[in-house]
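Student: pasting the sequence and the predicted coordinates here, then a few questions.
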Amino acid sequence: MSVYAHSLPVPETLQTNSRNPTPETLENGLLRTFKSPFELKQIHAQIIKTNTPPSVLQLSHVASICALTSSFPYARTIIHLSGKHETAVWNSCLKDFAQSESPDDAVRLFSRLCEHGICLDAFTFSFVLKACTKLLDGLGGRVIHGFIEKLGFQSNLYLQNSLVHLYVVSGEIDSVRQLFDKMPDRDVVSWNIMIKHLVKMGNVDEAYNLFSMMPERNVRSWTSMIMGFVQCGKPKEAVDLFTKMEEEKLCPNEVTVVAVLSACADLGALDLGKKIHEFANRSGFKRNIRVCNTLLDMYIKCGCLVAAYSVFEEMEQKTIVSWSAMIQGLAINGKGEEALILFSKMIHLQIKPNGVTFIGLLYACSHMGLVHKGRQYFASMSRDYGIVPQIEHYGCMVDLLSRAGLLKEAHEFIKSMHIKPNGVVWGALLGGCRVHKNVELAEEAIKHLLELDPLNDGYYVVLSNIYAEAKRWEDAARVRKLMREKGVKKTPGSSSISLDGVVHEFVAGDDSHPQTEVIQQTWEKLLEEMRLRGYVPNTSVVLLDIEESEKVRFLYRHSEKLAVVFGLINTANGTPIRVMKNLRVCEDCHAALKLISEIVDRKIVVRDRNRFHCFENGVCSCKDFW
C-alpha cells in the first residue's frame, strides 16, 4: 500500500504536512478532502505511514464515495479494518442516497449489498423503500416486499406502513388493499394512509367506512375525511364530521381549518366560518397564507364583503391568489367598479396578474356593461402579460357582448375562437338571446348546446321561455316534449340557510320541514303586503302544463322563498338573511325578494348558481336580473 502511495500525488490539503503528517493533521483534513476513490487511497496510504487507526476516516463518506464504483470491495475492507458495524455504515449511505435528488442511487446500492451478501436489517429496507416511494417505483417495491417477507420482517409495522404508502403513490391499487387487509397489526398511520389514498381516488364512501372502523383516530384522520367530503361536493357531511371532531375534544390544525372553511364557503355557513376564524386567530394561524386565502374565499362566498376585505387588508403577505380572489369577489357581489379600482392598485404595486385575475375583471365589466373596457382587458391579457386566453375568458367575453345586446358580434367572436367553444360559451349567447329576444340566434346556440350537453335541463328551459315570450306556443310545447323524449328532468330547486351552525335545506314545494305551518302563515302575511306594493306573480317562469292557479301556487313554494321566510322567523330583527340556491334565482323570486327586503327592512343575500344577489331596501345589488 505504501508503494502505491508514493507513486501518486498527495491531496492538496495534506501537501503542507506531507513530510511529517501527524494523526491530528490527518483528522482535521480527512473528513472533508477526498472526493473520489483515487483520493481516498492516497489518504489511506498516509494513515498507514503515520500508524493512524482507520477509524479516523468518516466511514459513511468512504461508503458513499465507493458505493457505486469498482472500489466497492475496497470500501468494505476499510470498514472491516475500522472495526465498525458494516450494515450500519451502508445504511447511513443508503439514507443519504434516498434523501438526495438521485434516489435511484439508493436502489442501485441496495442491489450491490445483496450481491455481496451484506447483512440487511429493518433500517436497510426502510431507506430503500423511501427511495422507491420517491421514484414511484411499484415494481421495485414488490421486490423489496419479497425480501421483507423472506427475511422475516413482516411484523415490522414501520416497514408495513412504508409498503402501503409506496403501493399507494405508485398506483398499485390491488396490492394496497391486499397488504392492508393482511397486516397482522395496524396503527393510526396505517389507517390514515389508506383513508388519504381512498379520498384522493374519489372513493369517499369507502374511506368513510374505514374511518368508522378505526379503533383510534388522530387529527390527521379527521382532517383527511373532512377534506374528502369537501372535495367530493359534500360540504354538509364535512361540517357534521367537524362537529363530531369537536365533541372528541381534538384541536384542529391548519389543514383542518382550511378544509372546514372550504365547506363553510360551499354551504354559506357563515356562523361556523366566523367561529373558525376566531379559532384561527387564537391559534396563530393568521400567518398561514393558505388559511387567510380560504378565509377570504369563505367570506366572499357568504356575501360578506366587508369581512372579506378586512381579512384581505390584514394579511401580512398577499399572493396573486389573494388579489384575484378579492377582485373576483367584488365582481360577483355586484361591486364591479371597486373590483377595477383594486386591480389598478394591484398593478401600481407591480404585482403581475394571472388568468384568474382577468376572469374577475371581465366578469365585472360584463355586469357593469363596460364593453370597451372589457375588450381592452381581454387584449391586454396576452399583449401585456403573456397570458393565453382560456375557455373561461372566452365565456366572459361572450357574456359581456351578449348582455350588451351585441349578439351578432358575440356569435362572430365564438366562431373566431382558437379553441372549441363549450356549453358555457354557447350558454352565455343563449342567455343573451333570451334577454334581447333573438329567437334565430337562440336556435343556433341550442343546436350546439344539445350536442355538447344534451341532458342539461337549463338549456331547454331557457329556449322554451324564449319561445313563450315570442308567443310561439307550439315551439315551446315542442321543447317540453323533446325534454320528455330524451328523459331530461328539470333539476329541483333547492335552497339552504345556516342558523347557529345547522344547515337547513328546502326543496321547491317542500312541506316536510317541522316549521312548515308557521312558514306558510308568515308567507301569507308577507304576500298581502307585497300585493299592496304591486306584486303580481310571474307565471311565465313555470313551464309545467298546469292550470294558472296551480302555477301561482307552485311559484309561492319556490325553495328560496321558503328559506328566506324560515330565516325571518328564526332570526332577530335586523339580522341579514343569507341563502344558497343550487339554480338561478327565477325572475318571480327576484322581484318578490326585493319587495320582502323593503317590507321587513332586512338585508337578504342570495347566492345562486351564477352570482350574488344582495337585496336591500327594495333594490338588488345586480344592475340586471340575468
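Tutor: Looks like it arrived, so ask away. The structure presented is a predicted model; accordingly, all values stated were derived computationally and were not measured. Numbers count the residues shown, from 1 in each chain.
Student: when you work out contacts or count neighbours from here on, use the C-alpha atoms and nothing else.
Tutor: OK.
Student: check which helix or strand covers the closest residue to Tyr208 other than its chain neighbours.
Tutor: Of all residues not flanking Tyr208 in the chain, Met225 sits nearest, at 6.9 Å (C-alpha to C-alpha, 6 or more residues apart in numbering). Using DSSP states H and E, Met225 sits within helix 219-231.
Student: equivalent analysis for Ile327, please.
Tutor: helix 320-332.
Student: show residues contacting that helix.
Tutor: 293, 296-297, 300-301, 305, 308-309, 312, 336, 338-340, 342-343, 346, 351-354, 356-357, 359-361, 363-364, 367, 611-612 (C-alpha atoms under 8 Å, 6 or more residues apart in numbering).
Student: which helices and strands does the helix or strand where Lys481 lies pack with?
Tutor: Assigned by DSSP H and E, Lys481 belongs to helix 473-486. Using 3 or more C-alpha pairs under 8 Å, 6 or more residues apart in numbering; DSSP states H and E as the contact test, the elements touching helix 473-486 are helix 457-469.
Student: which positions in the helix it packs on come out as buried?
Tutor: 458-468 (16 or more other C-alpha atoms under 10 Å).
Student: could I get it in PDB with only the CA atoms?
Tutor: Extracted in PDB, the C-alpha atoms of helix 457-469 (Å, rounded to 0.1, in the frame of the first residue of the first chain):
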ATOM      1  CA  ASP A 457     -82.300  20.800 -18.400                       C
ATOM      2  CA  GLY A 458     -81.400  24.500 -18.100                       C
ATOM      3  CA  TYR A 459     -80.900  25.000 -21.800                       C
ATOM      4  CA  TYR A 460     -84.300  23.500 -22.600                       C
ATOM      5  CA  VAL A 461     -85.900  25.800 -20.000                       C
ATOM      6  CA  VAL A 462     -84.300  28.900 -21.400                       C
ATOM      7  CA  LEU A 463     -85.300  28.000 -25.000                       C
ATOM      8  CA  SER A 464     -88.800  27.300 -24.000                       C
ATOM      9  CA  ASN A 465     -89.000  30.600 -22.300                       C
ATOM     10  CA  ILE A 466     -87.700  32.400 -25.400                       C
ATOM     11  CA  TYR A 467     -90.400  30.700 -27.500                       C
ATOM     12  CA  ALA A 468     -93.100  31.500 -24.900                       C
ATOM     13  CA  GLU A 469     -92.100  35.200 -24.800                       C
END
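Student: can you give the distance of that helix from its chain's centre?
Tutor: 34 Å (C-alpha atoms, centre = their mean, to the nearest Å).
Student: show me what it is packed against.
Tutor: Using 3+ C-alpha pairs under 8 Å, 6+ apart: helix 457-469 touches helix 423-435, helix 439-452, helix 473-486.
Student: domain assignment for this protein?
Tutor: 1-154, 390-490, 499-620 (automatic domain parsing).
Student: out of these, which gets the lowest mean score?
Tutor: Of all the domains of the chain, domain 1-154 carries the lowest average pLDDT, namely a mean of 80.
Student: check the offset of that domain from the chain's centre.
Tutor: On C-alpha atoms, centre = their mean, the centre of domain 1-154 falls 44 Å from the chain's centre.
Student: roughly how far is the helix holding Met225 from the heart of the chain?
Tutor: Distance, centroid of helix 219-231 to centroid of chain: 12 Å (C-alpha atoms, centre = their mean).
Student: before we move on, what about stretch 468-488?
Tutor: 39 Å.
Student: try stretch 600-613
Tutor: With C-alpha atoms, centre = their mean, you get 26 Å for stretch 600-613.
Student: how far away is the residue positioned nearest the centre of the chain from Ser224?
Tutor: Closest to where the C-alpha atoms of the chain average out (C-alpha atoms, centre = their mean) is Gln231, at 6.9 Å. Computed as C-alpha to C-alpha, to the nearest Å, the Gln231 to Ser224 distance reads 10 Å.
Student: and what of Thr516?
Tutor: The value you get for Thr516 to Ser224, if C-alpha to C-alpha is used, is 37 Å.
Student: those two: who's more crowded?
Tutor: Ser224 (24 against 14; other C-alpha atoms under 10 Å).
Student: Gly355 - nearest residue in space that isn't next to it in sequence?
Tutor: Using C-alpha to C-alpha, 6+ apart, the closest residue to Gly355 is Ile387 (6.5 Å).
Student: tell me the SS of the one you found?
Tutor: Following DSSP: H, G, I helix; E, B strand; the rest coil, we place Ile387 in the coil state.
Student: looking at the helices and strands packed on helix 457-469, which is buried most?
Tutor: helix 423-435 (a mean of 23; mean count of other C-alpha atoms under 10 Å).
Student: check which helices and strands that one sits against.
Tutor: Using 3+ C-alpha pairs under 8 Å, 6+ apart, helix 423-435 sits against helix 391-403, helix 407-415, helix 439-452, helix 457-469.
Student: now the third one, how far from the centre of its chain.
Tutor: On the basis of C-alpha atoms, centre = their mean, the separation between the geometric centre of helix 439-452 and that of its chain is 33 Å.
Student: and for that helix, what are the contacting residues?
Tutor: Contacts of helix 439-452 (C-alpha under 8 Å, 6+ apart): 407, 422-423, 426-427, 429-430, 433-434, 459, 463, 466-467, 470.
Student: save the residues you listed as CSV, and put in distance to Ser100 too.
Tutor: Output for these, formatted as CSV (distance: C-alpha to C-alpha, whole Å):
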residue, distance to Ser100
Leu407, 59
Asn422, 45
Gly423, 47
Trp426, 51
Gly427, 51
Leu429, 54
Leu430, 56
Cys433, 60
Arg434, 61
Tyr459, 55
Leu463, 61
Ile466, 64
Tyr467, 67
Ala470, 70
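Student: and the furthest pair within those residues?
Tutor: Asn422 and Ala470 (26.7 Å; C-alpha to C-alpha).
Student: name the helices or strands packed onto the helix holding Met225?
Tutor: helix 188-200, helix 204-213, helix 235-247, helix 254-267.
Student: in stretch 283-301, what counts as buried?
Tutor: Applying 16+ other C-alpha under 10 Å to stretch 283-301 flags 285-286, 289-301 as buried.
Student: so what touches that stretch?
Tutor: 254, 257-258, 261-262, 264-266, 268, 270, 273, 277, 280, 305, 307-309, 311-312, 315-318, 321-322, 325-326, 329-330, 607.
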